[in-house]
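Peer 1: Task: produce atomic coordinates for the following.
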Amino acid sequence: MTGLVPESHRRLLRRSRWRIAVFGAFILTLGLTLLSAGAYAVVQKRMYIHLEETLVRAAHRARESGAPAGPVLLVDERGRWLGGLSPAEWTVEGRPGMRIVEDPVLGPLALLELGSAGGEPQAVATLAQREIRSANDFLRVLIAMTLVGGVIGLPIGYALAGLALRPISEAVRERSEFVALASHQLRTPLSVIRTSAELAKTGKGVSPDEALATILGQAERMETLAARLTALARAETKVEEGHGQGDLVDTAETVVAALAPAAAQAGVTLDVDAPRPVGTRLGTDELTDLLTPLVENAIRFSPRRGNVTVRVLPDGGNAIAEVADQGPGIAPEDLPHVSRPFFQGRRARGGFGLGLAIAQAIVDRHRGRLSIVSTPGHGTTVRVILPGLPQSASSTLTNSHKP
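Peer 2: Below you'll find the model as predicted:
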């Protein structure tokens, strides 16, 4: 989040991280609250069941063997008689069932009303202070864990949000660098055009014809750059509507034929090694955009009397294209970066550094693979693996181009 990332983006990123962190902490707290409520409900239910079972056993014993006097029979946690009770602030309502009552002397009691009359006890009670204290302690622990979880979840959520938003931040940074580099590439020819025009206007050392020739050359360079930028944008953003079909062999031969004059001017020999038709799921236009910059780069970096070979071959369900040259190769430290837009490395020879970026974008969009094998001083081979067509479909596609 440094360098060319706009300040507005950094502010938006920080706000987004905090919003995600707060929302994540809220969701975590809500989840812990629900889990705690469920856990407490289970513990409380088990406590009631245990107390009720104790009181039911005591009630059966009271009916079978007689009980001490008093409307309420008090028993211990094992159901043993402790004596009789007379309700003070709480009353026996005469409705069967267990409830918790608060005795001013004994504290919390679990009371099971029997609905009986006469000489038998009307209810059985046992001390519930220990169980209730344990349940309350458990509830306090759950509340503390929920609060601590929510507090801890905030910085953790902020850190995780940063990791989640990092690809977006990197994309904005790369796009900002791309815009800056594109502006730099356009600024240079514009400066040359302006200088040539001013010198021609004042007549200082440059004739109008020389100025026009320079301006024309720089305009052509800008036109080439605009075309490359358009190709890169198309490669990165074009929406597929189904699968295209293109003959990789036919496209390779067309590209080589189109670049043959440039190769001849550079003193480089172009060859196509394609033993049989190879169909792909890319259309002809995309294949042309893919192969053209690869062959152009190979020509540009090949020495005079060098050779550039374009090989095409099927490989199972894939189609493979290789462009090999005999140039100086790519430095190992530059190899991981050559597919970045405008990257030209230490052996730059003109161009804009967009060819491999265009090829990489097309290959990525079709879930293919692009690999580069280069040995300094012994040339470079760019290998592209694309989704292919069955052999029968490839043959049909090739025959359809024949007159």
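Peer 1: From now on I want contacts and neighbour counts done on CA atoms only, so please keep to that.
Peer 2: Fine.
Peer 1: In the stretch 1-150 of the chain, where is pLDDT below threshold?
Peer 2: Filtered on pLDDT under 70, the stretch 1-150 of the chain yields the residue ranges 1-6, 65-70, 88-89, 92-95, 115-121.
Peer 1: switch to 90 and redo it
Peer 2: Low-confidence segments of the stretch 1-150 of the chain, defined by pLDDT under 90, are located at 1-21, 24, 50-131, 150.
Peer 1: again, but for the stretch 251-400 of the chain
Peer 2: Within the stretch 251-400 of the chain, the stretches falling below the threshold (pLDDT under 90) are 262, 273-290, 292-293, 296-297, 300-305, 313-318, 326-368, 374-379, 387-400.
Peer 1: redo that, cut-off 50
Peer 2: Confidence mapping of the stretch 251-400 of the chain against pLDDT under 50 gives the ranges 392.
Peer 1: and the longest helix for the protein?
Peer 2: When every helix of the chain is counted residue by residue (DSSP state H), the longest turns out to be helix 129-202.
Peer 1: Next up, the contacts around residue 380.
Peer 2: If you count contacts by CA atoms under 8 Å, 6 or more residues apart in numbering, residue 380 has them with 324-330, 372-374.
Peer 1: Next SSE downstream of the helix or strand where residue 259 lies?
Peer 2: Element membership for residue 259 (DSSP states H and E) is helix 248-266. Per DSSP H and E, the first helix or strand lying C-terminal to helix 248-266 is strand 269-273.
Peer 1: Show me what that following strand is packed against.
Peer 2: On a contact count with 3 or more CA pairs under 8 Å, 6 or more residues apart in numbering; DSSP states H and E, strand 269-273 meets helix 248-266, strand 307-315.
Peer 1: can you pull out the helices in the stretch 1-150 of the chain?
Peer 2: Here the stretch 1-150 of the chain has its helices, by DSSP state H, counting those that start in this stretch, at 7-65, 129-202.
Peer 1: What is the subsequent helix or strand relative to the longest one?
Peer 2: The reference is to helix 129-202. Along the chain past helix 129-202, the next helix or strand (assigned with DSSP H and E) turns out to be helix 208-237.
Peer 1: how big is the angle separating that next one from helix 129-202?
Peer 2: Following axes from the mean of the first three to the mean of the last three CA atoms, to 10 degrees, one obtains 160 degrees for the angle between helix 208-237 and helix 129-202.
Peer 1: Now helix 208-237: average pLDDT?
Peer 2: Averaging pLDDT along helix 208-237 yields 79.
Peer 1: in that helix, what counts as buried?
Peer 2: With burial defined by 16 or more other CA atoms under 10 Å, the residues of helix 208-237 counted as buried are 211-212, 214-215, 218-219, 221-222, 225, 228-229, 231-232, 234-236.
Peer 1: And for stretch 374-391?
Peer 2: Neighbour-count burial for stretch 374-391, counted by 16+ other CA under 10 Å, picks out 374, 379-389, 391.
Peer 1: what number of residues lie near residue 130?
Peer 2: The number of residues packed near residue 130 is 10, by other CA atoms under 10 Å.
Peer 1: what's the answer for residue 58, then?
Peer 2: Look at residue 58: counted by other CA under 10 Å, it has 26 neighbours.
Peer 1: wouldn't it be in contact with residue 76 here?
Peer 2: No: here residue 58 does not reach residue 76: they are 9.2 Å apart, not a contact under CA atoms under 8 Å.
Peer 1: what about the strands in the stretch 301-403 of the chain?
Peer 2: With strands called from DSSP state E, counting those that start in this stretch, the stretch 301-403 of the chain shows them at 307-315, 318-324, 369-374, 380-387.
Peer 1: So for residue 154, which of those sits nearest?
Peer 2: Nearest to residue 154 among the strands of the stretch 301-403 of the chain is strand 369-374 (40.3 Å), distances taken as CA to CA.
Peer 1: Sweet, I'm off.
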